[in-house]
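Peer 1: sequence below, structure please.
(2 chains)
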Amino acid sequence: MTTLRTPCGAPRPVDVGKTMTVYGWVNRWRDQGGLIFLDLRDHSGILQIVLNPQTSPAAHAAAHGVRNEWVLRVDGELRMRDAEHVNTNLETGEVELHAGVCEVLAVAKTPPFAVNEDAEVEEQLRLRYRYLDLRRPRLQRNLRARARFIAVIRTAMVEQGFIEVETPMMIRATPEGARDYLVPSRVFPGSFYALPQSPQLYKQLSMVAGVDRYFQIARCMRDEDQRADRQPEFTQLDLEMSFVDEDDVFAAVEHAISSAWNACEFRGSPVTTPFPRIPWPEAMERYGVDKPDTRFGMHLCDLTDVARTSGFRVFADAVASGGVVKAIRVEGGDDLTWSEIEGRLLDIARAVKAKGLAYLWKRADGWQSGIAKFFTADELEAIGAATGAQVGDCVLMVADRSGIAAAALGALRNHLGRERKLYGSERVDMLWITNFPMFERSEETGEITPAHHPFTMVNPDDLDKLESDPLSVRSRAYDLVVNGHEVASGSIRITDPDVQRRVFAAIGIDREQARRKFGFLLEAFEYGAPPHGGCAPGIDRLVMEGLGEENIRDVIAFPKNQQAQEVMTDAPAPVDESQLRELGLALLPRAREPQ
RNA sequence: GGCCCCGUGGUGUAGCCUGGCCUAACACGCCACCCUGUCAAGGUGGAGAUCGUCGGUUCGAAUCCGAUCGGGGUCGCCA
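Peer 2: Next comes the predicted model:
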């Protein structure tokens, strides 16, 4: 069958006169009573088939009654179209296949939505009939782009001396991090495997094993709530390297990603290396977030000094209680209305716990807004100078704890940048964020937790502060950011068992707990561990960014919905009582109730 | 768990704010017939939605109110 097959998108004028066989789906049909025209589609493109009742009555008869999405085999002779009948919208538009034989291989019901175009359809329906959605042009493109992206990455990794190592999918549950998906053991009732949140520990152990350069296109599973860029299972280019520092990891990742990005002609390509690096403190200072979108300016400014002594109580009090006042200047923000600011923009600020949002318009006749009267002329002057505001601009200000003020303005900045179209859709900014802090304090519990993970190497200059002032300790962790989205994170790892124990101690894991949870790793490090580090770029997010897709589900063949259900097969689903019994499991009464 | 948005023939929308003219409109699709150069084919005719569900207000509800279900976005969460 395949040896004689010609892809629908292949025929060209040079093939005219050839006899060929094409297979595909009916994209459109035009039955003129006499002549019938069929547009036949496969993965490669679309070819017009002509059925003539005079010259091929049997084929014509077979094609009569054919409908969209029917599957056909057509034998025929390729002919040139007359000049006036050329269709410039088709790659094959200069030729057409005159059918000698037309065989219906499969009929199709009228699909629940149009397969031959990319019209918007409710996502629930698309997911339920995913095989039809995938047949449509956009997801076909995405599927193929993703495959190519991965193929080029794999080649680039191998060329750089990495070897692909497969790590287990059923592993020991780790207490830290995201919620695990669990797999019950039949042999050991009451014991469970976990699906990997990442192959982190195995790839580090592979370094101890002398692999030197490990990589894997690895599936990772995390049982957390979904987002537009998060799926319960996702794919990472997981990599780890021995005897390296940050520069080596960056170079390897940059080569792999830029090669694949450019080969796929993703937006903004060709991207060039090296990617810029921004230290974490600078990102927070200038952008308010640890994943800055650098495609536009609107940097955060600090007004704390002006606010401290101002007559505006909200500001002065905030500073007096240890807070800060930060601002962004919205160029041409004169068109922002009071109700927009108090509505949508305030909602954005409040979403990250900011208490309020202050604003001043700079107009030709001076500063305007309800709060302008609380400031002296000098103070307004100072605000203008600090923000660089010009006539026609608007200044948005948040007074709060440092982290909240930065987060609120960072969120507003992202929102305004997108809404006011401050960058072109083809622009791509890839950059590294470096110098992350080693720890952060949990908002809820007040406990100190690792900012990245507990195997991240401490910046050697800060080693002596590990016990005395852990929150000031910097790590050797880094993130890769594309257009304001985190697409990778990694670090140089701890390989000194003593440092590892001190880090565990800082986050409240004592020797005994460490031995119990990560004893195998600590033990491994006692047998000659090479210094190593790595990174794990998210394939789904990179492809998403490259294609300009706004949802991760559109770059995954069979994704899950926000409730982590796969609606086509209806997973998850209850299992037989006998299966549970075999695993030594019983459901709590609450779980038995109909959902 | 919080907040926001959406739910009207097969698909996508309009109508909803300001209840009655809605016996629910439009486009695409679907069905039948006509048509020998169409390609977003064209022409003629036709079928198809009690407006997510339940309850309330009203003489009267797609429209107002409440609850609930489903979907999406987001905060929390994601070492």
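Peer 1: okay, CA-based contacts and neighbour counts for the rest of this
Peer 2: OK.
Peer 1: could you tell me how many residues sit around the residue nearest to A:Glu331 when sequence neighbours are not counted?
Peer 2: Nearest residue to A:Glu331, sequence neighbours excluded (Cα to Cα, 6 or more residues apart in numbering): A:Asp393, at 4.8 Å. A:Asp393 has 20 neighbours, counted by other Cα atoms under 10 Å.
Peer 1: which residues are in contact with A:Asp393?
Peer 2: A:Arg329, A:Val330, A:Glu331, A:Gly332, A:Gly333, A:Asp334, A:Trp361, A:Lys362, A:Arg363 (Cα atoms under 8 Å, 6 or more residues apart in numbering).
Peer 1: can the helix or strand containing A:Val22 be said to contact RNA strand B?
Peer 2: In this structure, A:Val22 sits in strand A:19-31 according to DSSP states H and E. Yes. Using Cα under 7 Å from any atom of the strand, strand A:19-31 comes into contact with RNA strand B via A:Arg28, A:Trp29, A:Arg30, A:Asp31.
Peer 1: can you name the next helix or strand after that strand?
Peer 2: strand A:36-42.
Peer 1: tell me the angle that following strand makes with strand A:19-31.
Peer 2: 120 degrees (axes from the mean of the first three to the mean of the last three Cα atoms, to 10 degrees).
Peer 1: for strand A:36-42, which helices and strands make contact with it?
Peer 2: Contact here means 3 or more Cα pairs under 8 Å, 6 or more residues apart in numbering; DSSP states H and E; on that basis strand A:36-42 packs against strand A:19-31, strand A:45-51.
Peer 1: buried subset of the contacts of A:Asp393?
Peer 2: Buried residues within those, counting neighbours by 16 or more other Cα atoms under 10 Å: A:Arg329, A:Val330, A:Glu331, A:Gly332, A:Gly333, A:Asp334, A:Trp361, A:Lys362.
Peer 1: stretch A:339-346: end-to-end distance?
Peer 2: Criterion Cα to Cα, to the nearest Å; first-to-last residue distance in stretch A:339-346 is 10 Å.
Peer 1: buried ones in it?
Peer 2: For stretch A:339-346, a neighbour-count test (16+ other Cα under 10 Å) marks A:Ile341, A:Leu345, A:Leu346 as buried.
Peer 1: cool, stretch A:91-104 as well?
Peer 2: So stretch A:91-104, judged by 16+ other Cα under 10 Å, has buried residues A:Glu91, A:Thr92, A:Gly93, A:Glu94, A:Val95, A:Glu96, A:Leu97, A:His98, A:Ala99, A:Gly100, A:Val101, A:Cys102.
Peer 1: for the residue lying closest to the third one once chain neighbours are set aside, give its distance to A:Leu47.
Peer 2: When you say that, I think you mean A:Gly93. Sequence neighbours aside, A:Asn87 is the residue nearest to A:Gly93 in space, at 4.4 Å (criterion: Cα to Cα, 6+ apart). Distance from A:Asn87 to A:Leu47, counting by Cα to Cα: 11 Å.
Peer 1: between the two, which has more neighbouring residues?
Peer 2: Using other Cα under 10 Å as the criterion, A:Asn87 and A:Leu47 rank with A:Leu47 on top: 28 against 14.
Peer 1: correct me if wrong: that one contacts A:Glu94.
Peer 2: No. Counting by Cα atoms under 8 Å, A:Leu47 stays clear of A:Glu94, with 9.9 Å between them.
Peer 1: how many other residues sit next to A:Ala10?
Peer 2: 14.
Peer 1: circling back: I'd say the residue nearest to A:Gly93 and A:Met80 touch.
Peer 2: No. Between A:Asn87 and A:Met80 there is no contact under Cα under 8 Å: 11.6 Å.
Peer 1: quick check: neighbours shared by these two?
Peer 2: With Cα under 8 Å, 6+ apart, A:Asn87 and A:Met80 have common neighbours A:Glu94.
Peer 1: circling back to that earlier point, and the strand holding A:Val22, what's buried?
Peer 2: In strand A:19-31, counting by 16+ other Cα under 10 Å, buried: A:Thr19, A:Met20, A:Thr21, A:Val22, A:Tyr23, A:Gly24, A:Trp25, A:Val26, A:Asn27, A:Arg28, A:Trp29, A:Asp31.
Peer 1: now the fourth one: how far from A:His453?
Peer 2: With distances taken as Cα to Cα, A:Val22 is found 54 Å from A:His453.
Peer 1: how about A:Leu588?
Peer 2: 34 Å.
Peer 1: so between those two, which is more surrounded?
Peer 2: A:His453 (17 against 8).
Peer 1: pull the number of nearby residues for A:His85.
Peer 2: A:His85: 11 neighbours (other Cα under 10 Å).
Peer 1: tell me the contacts of it?
Peer 2: Counted by Cα under 8 Å, 6+ apart, A:His85 has zero contacts.
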